[in-house]
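Peer 1: Generate a structure from the sequence data that follows.
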Amino acid sequence: MNIPFGQTRTRIDFDHAIIGPDGHVSSPLAHWKHTSGIVLISPAMGSHPRSPRFVQYIANTTSLSETVSAAPGVQRLVYVLEGMILLDGKTLTVDDFAWFPPGDNYAIQGVGEGKLLVFEKPYVPSVDATNGVPGRVVGSFASIKADAFLGDPDAMLTTLLPITPAFDMAVNVFNYQSGATLPFVETHVMEHGLYMRSGQGVYRLGEKWYPVAQGDSIWMAAYCPQWFIAMGKSPASYIYYKDIHRDPLTP
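Peer 2: Numbering: from 1, shown residues only. As a prediction, this is how the structure comes out:
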């Protein structure tokens, strides 16, 4: 996409943001060795109480890339967008993913050039002590059954992580046929981090409307009105994070 000099598609507002790839600047990533990337969404983006409570970033890997954990107390989900990686010696390729609880020890190594989407947030324990911290989850988007969202076969939702009270985050993939939409303008307590995997469309965020396409990232704060329509000649797909299963009064 050609952008005129001095212009950008990136927009930062008090309750949402669009981060276009035209403005990406790579830098070394914390908790990774020999790896550069782009921090797309982070608490530095906003001001209290509307700042994000999680981090979403791209890790551009090479054969030298390594990581063994996130920061203490932080859970991490890694989704392979391009290329492949080794997780404890096992190959993960495009559309494979792994979720790691806080304190998990593992070895991720790059295999040639690759691109990973990563979500991280501090883990919040359940108020029910019987819901312990869940164990590692490794899977593949292709092997998980998609469901028609609210009965619409043109809007298929794939849930990557178990929807159980032990998990305080969800990561899902939404696939839309061209012309399909969210059925209504959603307004809810969960916040979102979103990455456009393919296609294009228009996102309503608050009272504003944004064209979005592959490679764009979106932050939506809690209670930010949101709606999407897929447009163009091909389907659209995005992967997104949300917080779940926790008391809104929890700091």
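Peer 1: Below-threshold pLDDT in the stretch 51-200 of the chain: ranges please.
Peer 2: For the stretch 51-200 of the chain, no stretch is flagged by pLDDT under 70.
Peer 1: Mind jotting down where the strands sit in it?
Peer 2: Read by DSSP state E, counting those that start in this stretch, the stretch 51-200 of the chain holds these strands, from start to end of the chain: 55-61, 66-67, 74-87, 90-92, 96-100, 108-122, 137-140, 147-149, 152-159, 169-176, 192-198, 200-205.
Peer 1: If you count contacts, what does the second one end up packed against?
Peer 2: Of the remaining helices and strands, those touching strand 66-67 by 3 or more Cβ pairs under 8 Å, 6 or more residues apart in numbering; DSSP states H and E are strand 108-122. Every residue, glycine included, has its C-beta placed from N, CA and C.
Peer 1: hmm, back to that, looking at the strands of the stretch 51-200 of the chain, spot the one closest to Asp13.
Peer 2: Each of the strands of the stretch 51-200 of the chain was scored for nearness to Asp13 using Cβ to Cβ, and the closest is strand 200-205 (7.4 Å).
Peer 1: mind listing what that closest one pairs with, with the direction of each?
Peer 2: For strand 200-205, the pairing partners within the sheet under DSSP bridges are strand 208-213 (antiparallel), strand 226-231 (antiparallel).
Peer 1: Is it possible to get CSV of the strands of the stretch 51-200 of the chain that adds distance to His245?
Peer 2: Putting the strands of the stretch 51-200 of the chain into CSV (distance: least, Cβ to Cβ, whole Å) gives the following:
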stretch, distance to His245
strand 55-61, 20
strand 66-67, 27
strand 74-87, 13
strand 90-92, 26
strand 96-100, 15
strand 108-122, 13
strand 137-140, 15
strand 147-149, 19
strand 152-159, 13
strand 169-176, 9
strand 192-198, 16
strand 200-205, 25
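Peer 1: any chance of the ones you listed in JSON lines, with mean neighbour count and distance to Ala30 too?
Peer 2: JSON lines is the format used below for the strands of the stretch 51-200 of the chain (neighbours: other Cβ atoms under 10 Å; distance: least, Cβ to Cβ, whole Å):
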{"stretch": "strand 55-61", "mean neighbour count": "23", "distance to Ala30": "10"}
{"stretch": "strand 66-67", "mean neighbour count": "20", "distance to Ala30": "10"}
{"stretch": "strand 74-87", "mean neighbour count": "20", "distance to Ala30": "11"}
{"stretch": "strand 90-92", "mean neighbour count": "15", "distance to Ala30": "21"}
{"stretch": "strand 96-100", "mean neighbour count": "22", "distance to Ala30": "16"}
{"stretch": "strand 108-122", "mean neighbour count": "19", "distance to Ala30": "10"}
{"stretch": "strand 137-140", "mean neighbour count": "15", "distance to Ala30": "23"}
{"stretch": "strand 147-149", "mean neighbour count": "14", "distance to Ala30": "35"}
{"stretch": "strand 152-159", "mean neighbour count": "16", "distance to Ala30": "29"}
{"stretch": "strand 169-176", "mean neighbour count": "21", "distance to Ala30": "19"}
{"stretch": "strand 192-198", "mean neighbour count": "22", "distance to Ala30": "17"}
{"stretch": "strand 200-205", "mean neighbour count": "20", "distance to Ala30": "28"}
